[in-house]
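A.B. asks: Show me how the following folds:
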Amino acid sequence: MERLDQRLNDLDNFFTNGNYLAWYKTARAVYINSQFKYEEEEREIIEKKLGSISAILSATLKTKRQEVLFFEIEKKINTVWKEIINLLYKYEILYPHYVSKTWEEVANEEDT
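C.D. replies: Next up, the predicted model:
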């Protein structure tokens, strides 16, 4: 959980600083480490979205129209980012839904 939390912080920092290549690589790492929980259709959606970001990054390196491509990549990053975060919550990989317990229940569990 700590490692995943750090990767999500990295995503924030990379996006804010405009380091889209680092954002892409980190997002792919987050996806790879959590995809085993996803349904096939969900994996296909994320793969397709990450693939489109990869294509734009490749095109950006080959062209002088970087401003236009960066605007396009930011829109795509936002969609895949939301998708990944939603799946992390859905499958309780990120911030699992803990059941509230009284201190007595916790103490009883520790005694057993």
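A.B. asks: Going by C-alpha atoms from here, please, whenever you check contacts or count neighbours.
C.D. replies: Noted.
A.B. asks: center of this protein - which residue?
C.D. replies: Residue closest to the mean C-alpha point of the chain, counted by CA atoms, centre = their mean, is Ile84 at 4.4 Å.
A.B. asks: That one touches Glu47, doesn't it?
C.D. replies: No. Using CA atoms under 8 Å, Ile84 makes no contact with Glu47, being 10.7 Å away.
A.B. asks: so what sits against both of the two?
C.D. replies: Residues touching both Ile84 and Glu47 (CA atoms under 8 Å, 6 or more residues apart in numbering): there are none.
A.B. asks: Could you pull up the mean pLDDT of stretch 83-94?
C.D. replies: Averaged across stretch 83-94, pLDDT comes to 87.
A.B. asks: can I get the CA coordinates of that stretch in CSV?
C.D. replies: Coordinates of each C-alpha in stretch 83-94 appear next as CSV, following Å, rounded to 0.1, in the frame of the first residue of the first chain:
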residue,chain,number,x,y,z
GLU,A,83,-10.2,5.0,-14.8
ILE,A,84,-7.2,3.6,-12.9
ILE,A,85,-8.2,5.4,-9.6
ASN,A,86,-11.8,4.2,-9.9
LEU,A,87,-10.6,0.6,-10.4
LEU,A,88,-8.2,0.9,-7.4
TYR,A,89,-11.2,1.9,-5.3
LYS,A,90,-13.6,-0.6,-6.8
TYR,A,91,-11.3,-3.5,-6.0
GLU,A,92,-10.3,-2.0,-2.6
ILE,A,93,-6.6,-1.9,-3.6
LEU,A,94,-6.5,1.7,-2.6
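A.B. asks: Let me see the ranges of the helices in the chain.
C.D. replies: 2-16, 20-34, 40-62, 66-90, 103-111 (DSSP state H).
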